[in-house]
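Prediction below, plus the sequence it came from.
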Amino acid sequence: MKKFILTLALTLVFAGLFSGAAFAQEPTPSDNEVNAIARQLYCPVCENTPLDVCPTEACRQWRELIRTQLAEGWTEDQIKQYFVENYGARVLAEPPRTGLNWLVYILPPVVILLGAVILFRALRAWTKPVAASAAPGESDAKPAVVQDDYVARLEEELKKRK
Amino acid sequence: MTETTNTAPEPGGKRGVPVWAQIIVWGGLVGLLMLVGITLNKRQQGTVQPGDEIPDFTLPLFSGYEYEGRSEVKLSDFRGKVVVLNFWASWCKPCEQEASEMQEAWALYEDGGQVIFLGADYVDTEPEARAYLKKFGITFHNGPDMGTKISQMFRMQGVPETYFIDQNGVLQYVKVGPFGSVAEITSIINGLLQ
């Protein structure tokens, strides 16, 4: 009986060891490695779809192409360069920093900065009291009401018309 | 009566947005609107139209699909001939509908020397493109549209699309979508040969 239990235990241990060693075969390079590059590229056919999530047949072909290139030892930059040469710069998730493309990088921060300056100035102007704009001491010397030449001339003209 | 409360700008004119900032903001806005307008206009233009002279372009050719031993051809190489420029892709199912018809039509004109068929493979991978050409027994000159430069020049809307360019390099006919028969292709070509 002891012998039977020992044999059974050993069988179970070995079965466990060997079954644990069996994994699903991952393609080489793995999907994660392929998708790390694919997500930096966009499908040239269906607009605004990153290559790693694009379900079309064309995208599947391109992902396989990336896998082949990685297996052949291509670097990430070489693969991206290949895609640009073959399918145009529009496949890049980040436009290359050349020519008019610089606008994409420069314009947003400039606009945000400009907006912040304008907002700051406007807020400062709105919160500043009117009396505070007069020079110290002037508030006593001059009244808060002043002569407005334009209004005076306007009223004079109106009187003439009556 | 002539006195009013002081609502005029502060002394020194420091309130409000400075003129330079206004110019930049409005200039930027106008520039942006122009850019959007130009882009929309381009998109709505559609393909190049019959009657347009087609600018010269270079098409690299797949190995085995060369023209007189040359690995690339220019449109200007074919002055005096009718050029049938077919855009296709291996992933494009409608392209398969016309692939055999294109090859059959090419076989009718190949020996005459008055017509040339060019296949421009649009955003494709070479192994799949080669498999496609082999599957449909295509023998006319074919190559990749590198960087989609040629398709952009023609403002192509999708594949398949076929452009018929006359002996003087002027576009005469555009077929959007697949051909239904060989006769449809030959009728257009024969019209240009007359």
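Here it is on my side, so go on.

For chain A, which residues are neighbours of chain B?
Residues of chain A that fall close to chain B, judged by C-beta under 8 Å from any C-beta of the partner chain: A:44-45, A:56-58, A:61-62, A:64-65, A:84-90, A:107, A:111, A:114, A:117-118, A:121-122, A:125, A:130, A:133, A:144-148, A:151-152, A:155. To be clear about C-beta, it is placed using only N, CA and C from the backbone, and glycine gets the same treatment.

ok, residues contacting the helix or strand encompassing residue B:186?
Assigned by DSSP states H and E, residue B:186 belongs to helix B:182-193. Where contact means C-beta atoms under 8 Å, 6 or more residues apart in numbering or on different chains, the residues beyond helix B:182-193 that reach it are B:82, B:84, B:101-102, B:104-105, B:108-109, B:114-115, B:162, B:164, B:166-167, B:172-173, B:175, B:179.

Apply the buried test to these and list what passes.
In the contacts of helix B:182-193, burial by neighbour count holds for B:82, B:84, B:101-102, B:105, B:109, B:115, B:162, B:164, B:166-167, B:172, B:175, B:179, counting by 16 or more other C-beta atoms under 10 Å in any protein chain shown.

now, the most widely separated pair of the residues you listed?
Within those, B:101 and B:167 form the most distant pair, 23.3 Å apart (C-beta to C-beta).

ok so, going back, can you select the buried ones from the residues of chain A next to chain B in PyMOL?
Typed into PyMOL, the line below selects the buried ones among these, using 16+ other C-beta under 10 Å:
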select buried, chain A and resi 44+45+58+61+62+65+84+86+87+88+118+121+133+148
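
where's residue B:40 relative to residue B:174, distance?
Per C-beta to C-beta, to the nearest Å, residue B:40 is found 22 Å from residue B:174.

Now, the residues of chain A next to chain B that are in helices?
Secondary structure from DSSP state H places A:57-58, A:61-62, A:64-65, A:84-87, A:107, A:111, A:114, A:117-118, A:121-122, A:125, A:151-152, A:155 of these in helices.

returning to what we had before: sort out which residues of the helix holding residue B:186 are buried, please.
Buried residues in helix B:182-193, counted by 16+ other C-beta under 10 Å: B:182, B:185-186, B:188-189, B:192.

Next: stretch B:122-142.
Judged by neighbour count using 16+ other C-beta under 10 Å, the buried positions of stretch B:122-142 are B:122-125, B:128-130, B:132-133, B:136, B:138, B:140-142.

in chain A, which segments are predicted with low confidence?
Applying pLDDT under 70 to chain A picks out residues A:1-27, A:129-147.

How about the contacts made by the closest residue to chain B within it?
Chain A approaches chain B most closely through residue A:58 (4.0 Å), counting by C-beta to the nearest C-beta. Shown in contact with residue A:58 (C-beta under 8 Å, 6+ apart): A:43-45, B:89, B:91, B:123-124.
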